[in-house]
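Asker: This is a predicted model, with the sequence first.
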Amino acid sequence: MGFADKLKALFRRSTLDDEAYEDLADLLVEGDIGAAFAYELVESLKKKCRQEKISDMDGARRALKSLLLPYARSKQLELNEGKLNIVMLLGVNGVGKTTSCAKLAYWASKQLHSNKVILAAGDTFRAAAVDQLKIHGQRLGIRVVAQGQGADAAAVLWDSIEAANADGAHLLVVDTAGRMHTRQDLIKELEKMNRIVAQKAPEACYSKILVLDGTTGQNGMRQAEIFNTAVSLDGVILSKYDSTAKGGMILSLAKEYNLATMFLGTGEGYDDFEVFSPSKFLDELLGI
């Protein structure tokens, strides 16, 4: 039974008693919300139900949604049609960065009613990532700027901005490496890339988005901490958000780091990519 199904089963119980509250706290921890946050939420829910004389399970579920809503933070990716938009996707290996680059490019081309989008193969550590991005580019009819494996990622970014300016592109989506040996390596690499954007495209609308695997759990919090320290993040894409994902991590991200979620990756197809809706997300989470 998946996490959402367990929550639904809990709220189908007939009585709202201490055992139900304890089970709810355990479930929220299992849903990657984090222990301290989960118990804080349950205490707030108890208080709210007492004050508002809520005694039925459906009322408690809707009360819980109202408590969670401030933490289901969303943020839109604003695309300025009159300028070059640069979006850099960050994250560790295996989270679905390269696929998310392609999905974002596809989504943006529809939003902008333009295929003037360029993909930058900045994950030069892995030859497979470069090849994968080229395949996505061919399928989508989108130009990919790439160099060989082991090339300087900053040089790829430099070439990509030059190509974007030459083509009059509306959007440049940049894939990045997910393997840095130390936090200091990561900071240096990202600072270098930030300098190139400032130098080559000072007028561009520049966003840095962290890709997190929806099945990772609380380990995603550590990843967010590292990347947010290295570079001020503008938002999050939660990838692989399907029946196996719990999703509670994004509520913790908002609470701990004030990070908003921009998109959910929900499957393998280019269309399996949606703008994050807080109310819809919580309804699915709580079975409302």
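Answerer: Thanks, I have the structure now.

Asker: from here on, contacts and neighbour counts on C-alpha atoms
Answerer: OK.

Asker: now the strands: where do they sit in the stretch 51-200 of the chain?
Answerer: With DSSP state E, counting those that start in this stretch as the criterion, the stretch 51-200 of the chain has strands at 85-90, 117-122, 143-145, 171-176.

Asker: can you list those in CSV and add mean neighbour count?
Answerer: CSV is the format used below for the strands of the stretch 51-200 of the chain (neighbours: other CA atoms under 10 Å):
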stretch, mean neighbour count
strand 85-90, 24
strand 117-122, 28
strand 143-145, 22
strand 171-176, 28
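
Asker: What's the separation between the residue nearest the centre of the chain and Gly2?
Answerer: With distances taken as CA atoms, centre = their mean, Ile237 lies nearest the centre of the chain, 1.6 Å away. Look at Ile237 and Gly2: by CA to CA, to the nearest Å, they are 22 Å apart.

Asker: Quickly note the distance from the residue nearest to Ala230 when sequence neighbours are not counted to Ala164.
Answerer: Nearest residue to Ala230, sequence neighbours excluded (CA to CA, 6 or more residues apart in numbering): Ile187, at 4.7 Å. Distance check for Ile187 against Ala164: by CA to CA, it reads 25 Å.

Asker: ok, those two, which is more surrounded?
Answerer: The neighbour comparison of Ile187 against Ala164 (other CA atoms under 10 Å) goes to Ala164, with 25 against 17.

Asker: Just to check, the more buried one is in contact with Ile118?
Answerer: Yes. Using CA atoms under 8 Å, Ala164 is in contact with Ile118, at 6.7 Å.

Asker: show me where this protein has helices.
Answerer: Secondary structure of the chain (DSSP state H): helices at 3-11, 18-30, 35-51, 57-68, 97-111, 127-140, 153-167, 183-200, 219-230, 249-257, 278-286.

Asker: so what does the longest one touch, helix or strand wise?
Answerer: When contacts are defined as 3 or more CA pairs under 8 Å, 6 or more residues apart in numbering; DSSP states H and E, helix 183-200 sits against helix 153-167, helix 219-230.

Asker: Any idea how many residues pack against Gln184?
Answerer: Gln184, neighbours per other CA under 10 Å, totals 11.

Asker: Do me a favour and get the end-to-end distance for stretch 174-192?
Answerer: End-to-end span of stretch 174-192 (CA to CA): 14 Å.
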